[in-house]
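Chemist: Here is a sequence together with a model predicted from it:
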Amino acid sequence: MNQPSLLYGVQGTGNGHISRARLMATEFARLDVQVEYLFSGRAQASYFDMEEFGSPQYGTGLSFKTRQGRIRKLQTLKCSHPLRYATEVSTLRTDRYSLVISDFEPTVAWAAQLRRTPSLALGHQYALTDGAPRPQGDPFAKWIIRHFTPANQRIGFHWHPYDRLTLPPMIDTDLSPISNSQSFTLVYLPFEDQQETVALLQQLRGEHFVLYSPETAQETQSGNVSIYPLSKLGFRHHLQRCSRVICNTGFELIAEALYLGKPVMSKPLSGQFEQIANAMALSELQLATITRQLGVLNLDKFIATTKAQPRIVYPNVAKELAEFCLQRVNGDMRPEECDVALAALAARLWSDVVQPSGIDSLQTGQAQTLAAA
């Protein structure tokens with residue numbers, strides 16, 4: 001009997017999509033499932049630590065351009081390559097696969113639609129349903145979430161079960177906090193101006209910062225700021241040992257910080273629907289300190305007043321979801337049964353989430369929303 005084969009597309013714009021794909025790759029390997037990967041959304045040379053994916057394909061895809069913490073719509077339009085992207089979609093033979101999975105990656109999603117290949121879309125974006133906090137009055141962003149990656153079935157992830165088909169965050173459950181005698185703050189702000197960020201952090205001389213930057217190729221020291229190139233193992237090392245985290249308002253890193261009990265200060269990327277929705281949810285759930293602008297005063301207050309908080313322990317979502325996908329490719333589940341099975345999976349996984357004792361699920365952790373400094 002031939003192994004079922006999957007095509008797995010990953011949006012490369014943010015490292016959160018790739019982190020989730022790494023966990024799924026480990027579980028697919030455990031299940032002896034043959035998987036081929038396609039990454040798009042950034043230049044091939046900018047990917048790192050890709051060993052888990054064998055020899056993946058790289059495509060153009062669709063992404064957005066940012067500058068100084070804001071989405072630049074005109075630059076995004078200028079840098080798009082619609083003809084090249086259309087060619088990639090039309091020539092991708094998805095009919096060779098039993099199932100196509102898209103982690104918010106549009107090329108494999110649209111190719112699967114054209115060739116009527118069974119498809120599944122994964123992503124935090126699909127949890128931004130009517131029940132979840134999200135900004136109003138942005139029809140284009142809502143259209144993007146609905147149509148960017150079409151699929152037969154969509155599976156969303158969130159910090160709270162706002163919808164019956166929403167799963168808990170997908171976390172590397174081997175992560176654990178490691179005590180460290182020297183306090184430091186881990187900083188990851190890839191959408192901000194890196195030089196401005198370093199200059200800001202240097203004004204807080206009483207704190208040591210570890211900054212991971214997409215713009216450096218080697219470790220450097222600049223006053224009280226240690227600057228590192230992007231690295232899966234290096235970042236994991238510092239995340240487990242840091243005292244707190246400062247980051248943009250993506251999904252995966254904040255979920256990992258909550259899992260480790262690390263206080264978070266987060267600045268949403270201006271104009272980015274998902275990050276603004278995340279900031280709203282984090283404020284509602286009281287899981288992180290949200291700020292519209294990073295400044296000396298609010299950074300100093302965050303560092304001075306935060307301390308380790310109770311962990312939110314999530315189950316091994318990747319393991320359960322990989323087994324769900326294997327049922328799909330083996331034909332053990334009829335299409336009309338998928339939503340029922342997924343809802344049952346979501347309910348079981350949420351029942352396994354360990355919340356801090358005595359803290360309501362909508363009031364977890366120590367946080368506050370700060371105005372711009």
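Modeler: Good, I have the coordinates. Numbers count the residues shown, from 1 in each chain.
Chemist: From here on, just use CA atoms for contacts and neighbour counts.
Modeler: OK.
Chemist: all helices of the stretch 101-250 of the chain, in order?
Modeler: Assigned by DSSP state H, counting those that start in this stretch, the stretch 101-250 of the chain shows helices spanning 106-114, 139-147, 194-202, 232-241.
Chemist: Looking at these, which one is packed in the most?
Modeler: Ranked by mean neighbour count, the helices of the stretch 101-250 of the chain are led by helix 106-114 with a mean of 25 (mean count of other CA atoms under 10 Å).
Chemist: Just the CA trace of that helix, in CSV.
Modeler: C-alpha atoms of helix 106-114 as CSV (Å, rounded to 0.1, in the frame of the first residue of the first chain):
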residue,chain,number,x,y,z
PRO,A,106,-2.4,31.0,-1.1
THR,A,107,-0.5,29.2,-3.9
VAL,A,108,-1.3,25.6,-2.8
ALA,A,109,-4.8,26.7,-1.7
TRP,A,110,-5.8,28.1,-5.1
ALA,A,111,-4.1,25.3,-7.0
ALA,A,112,-6.1,22.8,-5.0
GLN,A,113,-9.3,24.6,-5.8
LEU,A,114,-8.5,24.7,-9.6
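Chemist: Skipping adjacent residues, who's closest to Val317 in space?
Modeler: Closest residue in space to Val317, ignoring its immediate chain neighbours: Met170 at 5.2 Å, by CA to CA, 6 or more residues apart in numbering.
Chemist: ok, now how distant is the one you found from Arg334?
Modeler: Here the distance between Met170 and Arg334 works out to 25 Å (CA to CA, to the nearest Å).
Chemist: Equivalent analysis for Glu51, please.
Modeler: Counting by CA to CA, the gap from Glu51 to Arg334 is 34 Å.
Chemist: for the stretch 51-200 of the chain, what are the low-confidence residue spans?
Modeler: Residue ranges of the stretch 51-200 of the chain with pLDDT under 70: 61-81, 138.
Chemist: quick revisit: so what's the residue nearest to Val317 up against?
Modeler: With contact taken as CA atoms under 8 Å, 6 or more residues apart in numbering, Met170 is in contact with 20, 23, 157, 252, 314, 316-318.
Chemist: count of residues packed around the residue nearest to Val353 when sequence neighbours are not counted?
Modeler: Leaving aside its sequence neighbours, Val353 sits nearest to Tyr314 (CA to CA, 6+ apart; 4.9 Å). Neighbour count for Tyr314, taken as other CA atoms under 10 Å: 24.
Chemist: got the helices of the stretch 101-250 of the chain as a markdown table, with distance to Leu345 columns?
Modeler: Output for the helices of the stretch 101-250 of the chain, formatted as a markdown table (distance: least, CA to CA, whole Å):
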| stretch | distance to Leu345 |
| --- | --- |
| helix 106-114 | 23 |
| helix 139-147 | 23 |
| helix 194-202 | 41 |
| helix 232-241 | 28 |
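Chemist: Verify the stated contact: Val108 with Ser102.
Modeler: Yes: counting by CA atoms under 8 Å, Val108 touches Ser102, with 6.4 Å between them.
Chemist: Quick check: neighbours shared by those two?
Modeler: Going by CA under 8 Å, 6+ apart, residues that sit against Val108 and also against Ser102 are 8-9.
Chemist: Show me what stretch 137-145 is in contact with.
Modeler: Contact partners of stretch 137-145, identified using CA under 8 Å, 6+ apart, comprise 125-126, 273.
Chemist: Roughly how far does Ser243 sit from Asn15?
Modeler: Taking CA to CA as the criterion, Ser243 is separated from Asn15 by 22 Å.
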